[in-house]
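*Asks:* the amino acid sequence is not available; the structure is as follows:
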Ligand code: SAH
C-alpha cells in the first residue's frame, strides 16, 4: 500500500492554497466545504475565486508565494503553474511536517487528494495512488450510480440512534446484527421510498421494543462461479460481505475469498481428491452448528452450487434442522470455461444438445452411460479430474465417436491462469500426459471445439501458473 487512507478533520484549521487558477479553485472549494479556514496566495484570481473572496469565504493574499506562508498551517496545497515554486512549497512544508499536496505532481507532495463521492455524511474516496486521476474519476462515476442518493439521509437518521442502540445491546455482534437488520430491511426501504418520518418512527420502535429482535442464523449456499471474480452475481457479493463465516472449498479461487468481509471467519473444508479435509457429513453438521450459534454463514462453492456441487445434500440437512437458507446460483464451469475458451457449447452447424456429466466413483473408477454420450451433434462436458481421461477416450471411441473428434481441455478456466489444450479423442490420453495440466480442468468433447481456433479471445496474463497454494 503506497498511501495510507485517512479522512482529516480540518474544521476551523488554517490551510494554505497557492495558485489562482481553476485547479487551485477546486481544491480551495473542497477545503471550504470541509470547514477549513483557507488562505489563498496568488497574484491574480479566476473570477470564481474572486467571487468567494468578495463573499468573505476565504482570505486572499494578492502576491507571489513567500516562505513564511506555510508557517502554522495544518495543510498546504501547491497549485501554481510554476514547477520551481511548487517544489519550493513542497520542500518547506515537508521540512515542517505539514501535509502537502502538489497538484498533478503527486510524487512531490506528502499526500494525494482522492476523487470523492459525497453522500454527506458518507464519503467514498477513490484513489489510483496517483497513477491515473482520470481512471479515478471514471471509477467515481460508476460508484455514483451504485450508491443510492438516499444513503446520506439514511446515515444521518441512524446517527441519531447510535447512543441508544449502544445502551440497548450489550455486545458488538448484537449491535451489528441490529443495524444490518435496520439498514437492509423494511426501515431502510421506507426511507428510500421518501417516507422519512415513518422510517424514523419504525426505528424508534425497533430500539425501544420490549423484545430484542431475534437473530437467527442463516445459511447462504452461494455459487462463486468458475474463478474470475467479475463473474459473481451482485447477490453473491452482497452476502459475502455480510456473512460472519465463510465455509469454502478448494474450487473457490482466492480473489473471490478476498471479497468477503475482512473480519469474517474463513473455514476451509478442503475436498481434494482422496484427501477429504472434512467429510460431506462433517460439512453438513458444521453448517448446522454455525447457524445454530446465530451466525450468518456463506457456504461458498465453485461454479454453481446445484451443478455437481452437492448443494442439494447440504440444504436437505438444513431443511431437516429448520434452518433458514438461500441458494444463490453461480456461473458453472462449463459455461465459464466455454465462453473464455471461445467454444460455444451449442452451434447450429455442430451441436444441438449439450450434456454435463461427472463420472467419479468413490473407488476412483468412471462409470457412465457411454452409449448416450457418444452421439453426433452433441457436446459433452466432463466435470472431473484427469485421471478418468483414458477410460473416457476409450469408451467414447468404442461407442461410436470418431477418434478425430476434437476435445478441449480447459485448465483453471476464466482465471488469469487459464490454459486451453486442443486434442482429439484418440490422442487425448497422450496429450494429457504431456501437458502437465493442473486442476481444476474441464473436458469439452464435440465438434464445437473446432470453433476455438476462430473464436478464441481471452488472453490470460499468467497462463499455466498455479491457482494459488493453500
Ligand atoms: N459446482 C461446480 C462443479 C464442481 S465439480 C460448477 O458448477 O462448476 C468439480 C469439477 O468442475 C472439476 O473437477 C473441474 O472439472 C470442473 N471445474 C470447476 N471449476 C473449473 C475451472 N475454473 N476451470 C476448469 N474446470 C473447472
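*Replies:* On my side now, so go ahead. Since the model is a prediction, treat every value here as computed from it, not as a measurement.

*Asks:* from here on, just use CA atoms for contacts and neighbour counts.
*Replies:* Will do.

*Asks:* any idea how far residue 315 is from the ligand?
*Replies:* Distance of residue 315 to the ligand, given as Cα to the nearest ligand atom, to the nearest Å: 15 Å.

*Asks:* got the phi and psi for that residue?
*Replies:* Residue 315 adopts backbone torsions of phi -80, psi -20, taken as degrees, to the nearest 10.

*Asks:* what about it, how many neighbours?
*Replies:* Per other Cα atoms under 10 Å, the neighbour tally for residue 315 reads 22.

*Asks:* same check on residue 158?
*Replies:* So residue 158, with other Cα under 10 Å, has 17 neighbours.

*Asks:* any idea how far it lies from the ligand?
*Replies:* 40 Å.

*Asks:* what do you get for residue 149?
*Replies:* 37 Å.

*Asks:* same check, this time on residue 113
*Replies:* 39 Å.

*Asks:* same thing with residue 188?
*Replies:* Per Cα to the nearest ligand atom, residue 188 is found 34 Å from the ligand.

*Asks:* any residue of the helix or strand containing residue 327 touching the ligand?
*Replies:* Element membership for residue 327 (DSSP states H and E) is strand 325-328. No - judged by Cα under 6 Å from any ligand atom, strand 325-328 makes no contact with the ligand; its nearest approach is 11.9 Å.

*Asks:* partners of that strand in the sheet?
*Replies:* With DSSP bridges as the test, strand 325-328 is paired with strand 218-223 (parallel).

*Asks:* quick one on the thing from earlier: residues in contact with the strand holding residue 327?
*Replies:* Strand 325-328 is contacted from outside by 218, 219, 220, 221, 222, 223, 235, 236, 305, 315, 318, using Cα atoms under 8 Å, 6 or more residues apart in numbering.

*Asks:* please apply the same query to stretch 278-293.
*Replies:* 216-219, 269-271, 296-297, 299, 313-314, 317-318, 321, 323.

*Asks:* which of those residues sit farthest apart?
*Replies:* Within those, 216 and 271 form the most distant pair, 28.4 Å apart (Cα to Cα).

*Asks:* just to check, residue 269 is in contact with residue 249?
*Replies:* Yes - using Cα atoms under 8 Å, residue 269 is in contact with residue 249, at 5.2 Å.

*Asks:* so which bits of the stretch 301-450 of the chain are right by the ligand?
*Replies:* Near the ligand, when you scan the stretch 301-450 of the chain using Cα under 6 Å from any ligand atom, you find 302-305, 307-309, 332-333, 383-385, 410-413, 440-442.

*Asks:* buried members of these into PyMOL, please.
*Replies:* Restricted to buried positions by 16 or more other Cα atoms under 10 Å, the PyMOL selection for these reads:
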select buried, resi 302+303+304+305+307+308+332+333+383+384+385+410+411+412+413+440+441+442
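
*Asks:* which ones among the residues of the stretch 301-450 of the chain next to the ligand map onto strands?
*Replies:* Judged by DSSP state E, the subset of these located in strands is 383, 410, 411, 441, 442.

*Asks:* adding pLDDT, write the residues you listed out as JSON lines.
*Replies:* Below are these laid out as JSON lines (pLDDT from 0 to 100):
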{"residue": "383", "pLDDT": "96"}
{"residue": "410", "pLDDT": "98"}
{"residue": "411", "pLDDT": "96"}
{"residue": "441", "pLDDT": "96"}
{"residue": "442", "pLDDT": "97"}
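
*Asks:* so which bits of stretch 101-119 are buried?
*Replies:* Within stretch 101-119, the residues that count as buried by 16+ other Cα under 10 Å are 101-103, 106, 108-117, 119.

*Asks:* cool, and stretch 236-252?
*Replies:* The neighbour-count check on stretch 236-252 (16+ other Cα under 10 Å) flags 236-237, 239-252 as buried.

*Asks:* confidence-wise, which of the residues you listed comes last?
*Replies:* Lowest-confidence member of these: residue 242, scoring 80 (pLDDT).

*Asks:* what sits up against the host helix or strand of residue 430?
*Replies:* Under DSSP H and E, the secondary-structure element containing residue 430 is helix 428-435. Contacts of helix 428-435 from elsewhere in the structure, counted by Cα under 8 Å, 6+ apart, are 386, 389, 390, 393, 407, 423.
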